[in-house]
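Enquirer: When you get a sec, could you give me coordinates for this:
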Amino acid sequence: MPGQIPTGPIHHLRLTVTDLERSRQFYTGLLGFDVAVESPPDDDPAAAETFKVLFGGIVMIRGALLMGLRPMAAAGDRFDADRVGLDHLSFAVDSRAELERAAELLDEAGVPHGQITSLPSFGIDVLSFADPDGVQLELTAPAG
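Expert: Presented below is the predicted three-dimensional model:
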């Protein structure tokens, strides 16, 4: 390699989803994202131009992370971590107590999840679950 590109933290990501409203509720209601930008209705004159950027979806924000939802997948399509591409997304929380509280909230919302697992060689504890399209997610806290 002739050199390296000096990248910084992740700026944004976009997920392709089957049902925009269902995914919006999951990410805003359960994970605390706020909608920052939304596609205009189809009858809005700006809709065609905006579609080139948002694909009929939304952009959400939480802290410094922008995350888009792109409603382009066919109904019934599911995420597959064993295909080339994304394996999972991990969101940081501050403590194991927050992981325990998150497990309670996932239970209340009827979202299946794994057990809180310690990974001592990485110095973290993790809690895994999935979004409505099966995208594998986890919460990660410093071991403790």
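
Enquirer: And the helix or strand bottoming out on mean pLDDT in the chain, what's buried?
Expert: In the chain, no helix or strand scores lower on mean pLDDT, DSSP states H and E than helix 47-54, which sits at a mean of 85. By 16 or more other C-beta atoms under 10 Å, the buried positions in helix 47-54 come out as 50, 54. (Glycine included, C-beta is placed from N, CA and C.)

Enquirer: just the helices in the chain please.
Expert: Assigned helices in the chain, in chain order: 20-25, 47-54, 96-108 (criterion: DSSP state H).

Enquirer: for those helices, which one sits closest to residue 69?
Expert: Nearest to residue 69 among the helices of the chain is helix 20-25 (5.1 Å), distances taken as C-beta to C-beta.

Enquirer: State the mean pLDDT of the closest one.
Expert: Across helix 20-25, the average pLDDT comes to 97.

Enquirer: can you check stretch 102-122 too?
Expert: Average pLDDT, stretch 102-122: 97.

Enquirer: Chain neighbours aside, what residue packs nearest to residue 72?
Expert: Nearest residue to residue 72 in three dimensions, chain neighbours excluded: residue 16, at 5.3 Å (C-beta to C-beta, 6 or more residues apart in numbering).

Enquirer: Residues touching the least confident helix or strand of the chain, excluding its own?
Expert: 37, 38, 39, 40, 41, 68, 70 (C-beta atoms under 8 Å, 6 or more residues apart in numbering).

Enquirer: Likewise for stretch 79-99?
Expert: Contact with stretch 79-99 is made by 13, 31, 102, 116, 125-128, 130-131, 133-144, as judged by C-beta under 8 Å, 6+ apart.
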